[in-house]
Structures are given as structure tokens and as C-alpha cells.
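Novice: take this sequence and fold it.
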Amino acid sequence: MDGVTSYPDLADKVVVVTGGSRGIGARTAQSFADQGARLAVVGRDRQALDSVASAIADRGGTAIPIAADVTDAASIAALADQVAEHLGPVDVLAAFAGGQGYPARSVQLTEQRWREVIDSDLTSVFLTIQAFLPGMVERRRGTILTMSSAAGRQPSQANLAYGVANAGLVMLTRHLAVEPGPHRIRVNCLAPSTIRTEKVEQNMPTEVQEQVAAMHPLGRLGTTTDVASAALFLASDAASWLTGLTIDVAGGRITN
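Specialist: Residues are numbered from 1 along each chain as shown. Okay, here's the model as predicted:
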């Protein structure tokens, strides 16, 4: 499994990964499948989702692709129904959809763009959790992972709405860790810094990648496997007494 730690307790768990069509989400889905989990891979790009699910199947895993708009409550309700029908009760929810961090000066940020980013990166996570949390509470078990960003931990070149949305995800995680905690539900957050995804490779010139890597004490950009490995740990029994945390997968760049 490419050097990833094995977590036998994740075998046969039902895992939903939103934002699973590419990048961090796709790698996380593959990593859970490699542990023996059964996946629902969720996103808007059906062709990309099919590719991820096929790659998982080629490695002997189980995954169903589900196209859904996680900013729309009705679409998420339909998603939850499909997961229940095809895979059963959800053990792990990785709400990783988002990523509207394109730079923009705050004075130029329109109301429409503000609302689009907040809906994409914060409201979508709230709606997704609302669709799956009641079942977890009823069964008295479940693990939820949210995806923030280094931009939600300190000011960055990302637009203001993105920073606010991702800071909101940190508090959403802390609040939910307390409220359904007595039902044995754990909620933790991952906050990556710059990760070498397909988007970064395509849009960030090599020399800029090198400059950004040098800003991190560990001297490199993160990989999707770095984030997926942290997700596996937080979802596993190895982290059974950890909840309400935000893990900065940031190569030492974020230290508070």
C-alpha cells in the first residue's frame, strides 16, 4: 500500500468521500479502499468519478461513483439514499469537497463570489454532515472528517471568503465533536498546506513550486498521500480517543 500504515479495523467499513473525483479526495478514497473499506466516491464530474472507482476496482477494492452537488440539500439526500441502498450504514464520512481558494483582493470580492465560496467550502460540509449524522447518532458510532486548509489557520494569498470558510470548518469540527460525542461519534479536521495535486502541477510553474516548498520547514510540498495517511489514522481505532482536533498537514508551516 505504498508505505501507508495498515489499519485492520477499517476493513469492510463503509466510507463516503466527497470531493473524491481527483486530488486529495481521490487519493484518500483509494487509501481507504486499500485498507479493505467499501467506498462511495462523490463529486460532480461523473467521468472522473468513474475513473477513480475503476482504479479502485483494478486494485481489488469496492467503490461506487455517485455524482452529486453537495451545495444542494436535495442532491445530498439522494446521495445518502444511494449509499444506504448499495453499501449500507456509513461508518466514516470524509467531507472533503471544496477548494475555491483562487486569490482575489478583498475590495474586489463581490457578494455573489462571497456566497459561492462560503456555499462551496462551508455550507456544503454542513449539509453533508446533516445528511449522515442522524444515522450515526442512532447507531451510536461513526467518524467524521472535515477538510479545512492552511488558509483557514492564518492569512494567506487565498481569497477572504475561502479563509473565512475554512476557519469556520475548524469551529464546526470542534462544536460537533462536543455535541454528538456522547453517542461515540468522533469529528476531526485536516488542514493541508500546499499539496502537489494535479491542479497545482498544471497551474503552478516549477520555479514557483520550488519557492513555495522552501517556505515549509520540511523543505517540500505535501503529497496527497500525506493527507490520506492522516485521514486513515484519524478514522481508525488508533485515534479512538481523539476528537475535535485540527491536524495541520503542513510540513511545519503552521505551528499553532
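Novice: any stretches of the stretch 151-256 of the chain with poor pLDDT?
Specialist: 255-256 (pLDDT under 70).
Novice: top helix in the chain by residue count?
Specialist: Secondary structure assigned by DSSP state H gives helix 160-178 as the longest helix of the chain.
Novice: what packs against it?
Specialist: helix 111-118, helix 124-139, strand 142-147, strand 185-190, strand 246-247 (3 or more Cβ pairs under 8 Å, 6 or more residues apart in numbering; DSSP states H and E). Yep, even glycine has a C-beta here, placed from its N, CA and C like the rest.
Novice: at 7 Å what do you get?
Specialist: helix 111-118, helix 124-139, strand 142-147, strand 185-190 (3 or more Cβ pairs under 7 Å, 6 or more residues apart in numbering; DSSP states H and E).
Novice: and the contacts of it?
Specialist: 100-101, 106, 109, 113-114, 117-118, 121-122, 125-126, 129, 144, 146, 148-149, 151-152, 155-156, 186-189, 243-244, 246 (Cβ atoms under 7 Å, 6 or more residues apart in numbering).
Novice: how far off centre is it?
Specialist: When distances are taken as Cα atoms, centre = their mean, to the nearest Å, helix 160-178 is centred 13 Å away from the chain's centroid.
Novice: the helices and strands packed on helix 160-178: lowest mean pLDDT?
Specialist: Mean pLDDT per stretch puts helix 111-118 lowest among the helices and strands packed on helix 160-178, at a mean of 92.
Novice: list the buried residues of that one.
Specialist: For helix 111-118, the buried set under the neighbour-count rule, 16 or more other Cβ atoms under 10 Å, comprises 113-114, 117-118.
Novice: cool, stretch 167-180 as well?
Specialist: 167-170, 172-174, 176-177, 180.
Novice: related to what we said a few turns ago, got the angle for the longest helix of the chain vs strand 185-190?
Specialist: Counting by axes from the mean of the first three to the mean of the last three Cα atoms, to 10 degrees, helix 160-178 lies at 150 degrees to strand 185-190.
Novice: specify the angle between helix 160-178 and helix 124-139 in degrees.
Specialist: 10 degrees.
Novice: I'd say Phe185 and Gly135 touch.
Specialist: Phe isn't right for residue 185; it's Ile. No: look at Ile185 against Gly135 with Cβ atoms under 7 Å: they stay out of range, at 10.5 Å.
Novice: which one of these two has more residues nearby?
Specialist: Higher neighbour count among Ile185 and Gly135: Ile185, with 21 against 16, using other Cβ atoms under 10 Å.
Novice: residues in contact with the residue lying closest to that one once chain neighbours are set aside?
Specialist: Leaving aside its chain neighbours, Ile185 sits nearest to Gly142 (4.6 Å; criterion: Cβ to Cβ, 6 or more residues apart in numbering). By Cβ under 7 Å, 6+ apart, Gly142 lies in contact with 90-91, 136, 185.
Novice: which ones are touching Thr5?
Specialist: By Cβ under 7 Å, 6+ apart, the residues touching Thr5 are Ser229.
Novice: and the pLDDT at the residue most central in space within the chain?
Specialist: Centroid-nearest residue in the chain, with Cα atoms, centre = their mean: Phe96, separated by 2.4 Å. You'll see Phe96 listed with a pLDDT of 96.
Novice: now the one 5 residues further on
Specialist: Among the per-residue scores, Gly101 shows a pLDDT of 65.
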